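Novice: The amino acid sequence is not available; the structure is as follows:
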Ligand SMILES: [Zn+2]
Ligand SMILES: [Zn+2]
């Protein structure tokens, strides 16, 4: 599995882009950044987008991608996957012919550019030889992380935005995670805000890792607030955990 980090920031500044993780050029996890980073050729390879939750920083590039497809006269069709509350929000508040044209019926309902597909929590879907399963996480709105398993038994888990979620780790306790991409948005001093907004700090992350039956082989931090990037990095280092680091936009991970 080759995962390209299109964006991994918890806010936007030049060089710090909203979350987007591209698996093998075709399957995207979260769509905070697509069209502002990828060229047209790369955009047109995307076939599936798995959304963790409907917050704007995770969905906002979809409308621009749909627009690029129609303007470029491409035949591409993309399926947007998520749990039904997220799908409903995207339909109602984004593709509603008011905020943006409804690309779920354009150019016509039978051949629409976007196909919205609901997923059930804990139930996997097979795509491109992978099994992709949404697991509930703890955020301020309905949210899931995605467990991706390949045929060789390699696994990565992307949490999306989450605060402490012991039940999620309990559910996955029998599965060795080879690559964990997990939210740490705030430094330790902002513990209260992190918990209130459904995010982690380095100290909260440590507690989550202790809850896991076996430590993930590699741990990558996503969604840090750029204003606190350095302090979060220092605090992560001080955890003295092996194979853990902050992600950067443009990184490529191999699982
Ligand atoms: Zn969020
Ligand atoms: Zn977010």
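Specialist: The structure has been received and is ready for your questions. A quick note: this is a predicted structure, and the numbers were derived from the prediction, not measured. Ligands and ions are numbered 1, 2, ... in the order given.
Novice: how about the strands in the stretch 101-250 of the chain?
Specialist: For the stretch 101-250 of the chain, applying DSSP state E, counting those that start in this stretch gives strands covering 114-119, 125-127, 130-136, 144-149, 155-158, 179-183, 218-222, 244-246.
Novice: Tabulate those strands in TSV, adding columns for distance to residue 209, mean neighbour count and mean pLDDT.
Specialist: From N, CA and C alone the C-beta is placed, and that goes for glycine too. Shown next, in TSV, are those (distance: least, C-beta to C-beta, whole Å; neighbours: other C-beta atoms under 10 Å; pLDDT from 0 to 100):
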stretch	distance to residue 209	mean neighbour count	mean pLDDT
strand 114-119	26	17	98
strand 125-127	28	14	98
strand 130-136	16	20	98
strand 144-149	15	25	98
strand 155-158	12	24	98
strand 179-183	9	25	98
strand 218-222	7	22	98
strand 244-246	9	18	97
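Novice: would you turn the ones you listed into TSV with distance to residue 92?
Specialist: Below are those laid out as TSV (distance: least, C-beta to C-beta, whole Å):
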stretch	distance to residue 92
strand 114-119	11
strand 125-127	23
strand 130-136	20
strand 144-149	19
strand 155-158	25
strand 179-183	25
strand 218-222	27
strand 244-246	35
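Novice: Tell me which of the ones you listed lies nearest to ligand 2.
Specialist: Evaluated with C-beta to the ion, these place strand 179-183 nearest to ligand 2, the distance being 7.8 Å.
Novice: Point out the other helices and strands that the closest one packs with.
Specialist: strand 155-158, strand 218-222 (3 or more C-beta pairs under 8 Å, 6 or more residues apart in numbering; DSSP states H and E).
Novice: Sheet partners, orientation included, of the last one?
Specialist: Strands flanking strand 218-222 in the sheet, each with its direction: strand 179-183 (parallel), strand 244-246 (parallel) (DSSP bridges).
Novice: Tell me how far it lies from the chain's centre.
Specialist: Centroid separation between strand 218-222 and its chain, computed with C-alpha atoms, centre = their mean, to the nearest Å, is 13 Å.
Novice: how about the helices in this structure?
Specialist: Residue ranges of the helices in the chain, as given by DSSP state H, are 40-43, 56-59, 62-71, 84-93, 166-171, 191-197, 202-211, 229-237.
Novice: buried sites along the second one?
Specialist: In this case it means helix 56-59. Under the neighbour-count criterion of 16 or more other C-beta atoms under 10 Å, helix 56-59 has 57-59 buried.
Novice: now the residues you listed in CSV, with pLDDT and distance to residue 44?
Specialist: Compiled in CSV, the buried residues of helix 56-59 are given as follows (pLDDT from 0 to 100; distance: C-beta to C-beta, whole Å):
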residue, pLDDT, distance to residue 44
57, 98, 23
58, 98, 21
59, 98, 19
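Novice: Would you mind telling me which of the helices and strands packed on strand 179-183 is nearest ligand 1?
Specialist: strand 218-222 (11.7 Å).
Novice: and that closest one with helix 202-211, angle?
Specialist: 150 degrees (axes from the mean of the first three to the mean of the last three C-alpha atoms, to 10 degrees).
Novice: if you look at strand 218-222, does any of it touch ligand 1?
Specialist: No: Strand 218-222 stays clear of ligand 1 (C-beta under 5 Å from the ion), getting no nearer than 11.7 Å.
Novice: Tell me what angle that strand forms with helix 229-237.
Specialist: Going by the same axes, to 10 degrees, strand 218-222 makes 160 degrees with helix 229-237.
Novice: Run through who's touching strand 218-222.
Specialist: Residues outside strand 218-222 that contact it (C-beta atoms under 8 Å, 6 or more residues apart in numbering) are 8, 19, 158-159, 178-184, 205, 209, 232, 236, 241, 243-247, 253.
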